[in-house]
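Undergrad: pasting the sequence and the predicted model now:
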Amino acid sequence: MKVVVIGGTGLIGSKLVAELAEHGHQAVPAAPSTGVNTLTGEGLAGALQGAQVVVDVSNSPSFADDAVIEFFRTSTTNLLGAEAEAGVTHHVALSVVGTERLHKSGYFRAKQAQEQLIKASGIPYSIVRATQFFEFMKGIAAEATDGDTVRLAPVGIRPIHSDAVAVAVGRTAVGTPVNGMVEVAGPDTFRLDELIRGVLAARNDPRTVVTDPHAPYFGAELEETTLLPGPDAQTTGTRFDDWLTRQA
């Protein structure tokens, strides 16, 4: 089948395109660099012609509150409209575990708006919610850094490797629309502060991790289970400690 991957040149998108092509599907990477811009609508109609499935793994170039909500609202509206015109029968989007519990964060409010637009579109859909990627631990530390101190809450987290996310999204894309959520997570649960402390130590990073129950996570205060998936989540992928060892 023809599957158009919006954000198909990024971290997940490039892996997803390769995964789909390996299984015999016509996977088309769509991004501004390939002439497809969901914010302006440029190239959408042509890219979606003949597509059965569209997978959106794109992300906002800015996490500022106004910019990120504008990105997800505009790009998702344009994309869903083009899909309706093209007769696309399955819309798949990558989202984040805990999105509805992180409403104090502008980024996650934007992701929730994206999800709501998809649900209301009338197009059969599947939303894959993943836990935080291994590759994002550096960004989490940077967001929580003030000087030489990294403040993080002692809450649960089950990070997942990007390869496993791509596999899960690809499997969902070629399956029957679930018209709901699918959660995927890595195999191991950590405490966020301890996990980042270990990452910094492995990289000989001199910053000090301070445990602070009220430390914000991209603008939102966390509870123990905010970042954790539900009991029906698919558990998959490489163990974090094995991945971290290979990065050293």
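TA: Yes, it's here. Residues are numbered from 1 along each chain as shown.
Undergrad: show me where the protein has strands.
TA: 2-6, 26-30, 53-56, 90-96, 125-130, 145-146, 149-152, 156-157, 181-185, 190-191, 208-211, 216-217, 220-221, 234-235 (DSSP state E).
Undergrad: out of these, nearest to residue 244?
TA: strand 190-191 (11.1 Å; C-beta to C-beta). Where you see a C-beta, it was placed from the backbone N, CA and C, and this is true even at glycine.
Undergrad: please report phi then psi for residue 175.
TA: In terms of degrees, to the nearest 10, the main-chain angles of residue 175 are phi -100, psi -170.
Undergrad: got a pLDDT number for it?
TA: For residue 175, the pLDDT comes out at 97.
Undergrad: how close does it get to residue 52?
TA: 12 Å (C-beta to C-beta, to the nearest Å).
Undergrad: you'd agree residue 156 is up against residue 190?
TA: Yes - with contact defined as C-beta atoms under 8 Å, residue 156 counts as touching residue 190 (7.4 Å).
Undergrad: ok now stretch 70-90, how far from the chain's centre?
TA: 18 Å (C-alpha atoms, centre = their mean, to the nearest Å).
Undergrad: for that stretch, buried residues please.
TA: Neighbour-count burial for stretch 70-90, counted by 16 or more other C-beta atoms under 10 Å, picks out 71, 72, 75, 76, 78, 79, 80, 82, 83, 86, 88, 90.
Undergrad: can you map out the helices along the protein?
TA: 11-22, 44-48, 65-86, 106-120, 137-143, 162-173, 192-202, 240-247 (DSSP state H).
Undergrad: ranking those by burial, who's on top?
TA: Most buried of those by mean neighbour count (mean count of other C-beta atoms under 10 Å) is helix 162-173; its value is a mean of 22.
Undergrad: what's the mean pLDDT across stretch 45-62?
TA: On average, stretch 45-62 scores 96.
Undergrad: please apply the same query to stretch 67-75.
TA: So the average pLDDT for stretch 67-75 ends up being 97.
Undergrad: with adjacent residues omitted, what lies nearest to residue 168?
TA: Spatial nearest neighbour of residue 168, chain neighbours left out: residue 184 (4.4 Å); criterion: C-beta to C-beta, 6 or more residues apart in numbering.
Undergrad: can you count the residues close to the one you found?
TA: Neighbour count for residue 184, taken as other C-beta atoms under 10 Å: 25.
Undergrad: wait, it touches residue 165, no?
TA: Yes - contact criterion C-beta under 8 Å: residue 184 and residue 165 qualify, at 6.5 Å.
Undergrad: overlap in contacts, the two.
TA: Common neighbours of residue 184 and residue 165, using C-beta atoms under 8 Å, 6 or more residues apart in numbering, are 128, 130.
Undergrad: and for residue 32, the neighbour number?
TA: Neighbour tally, residue 32, other C-beta under 10 Å: 16.
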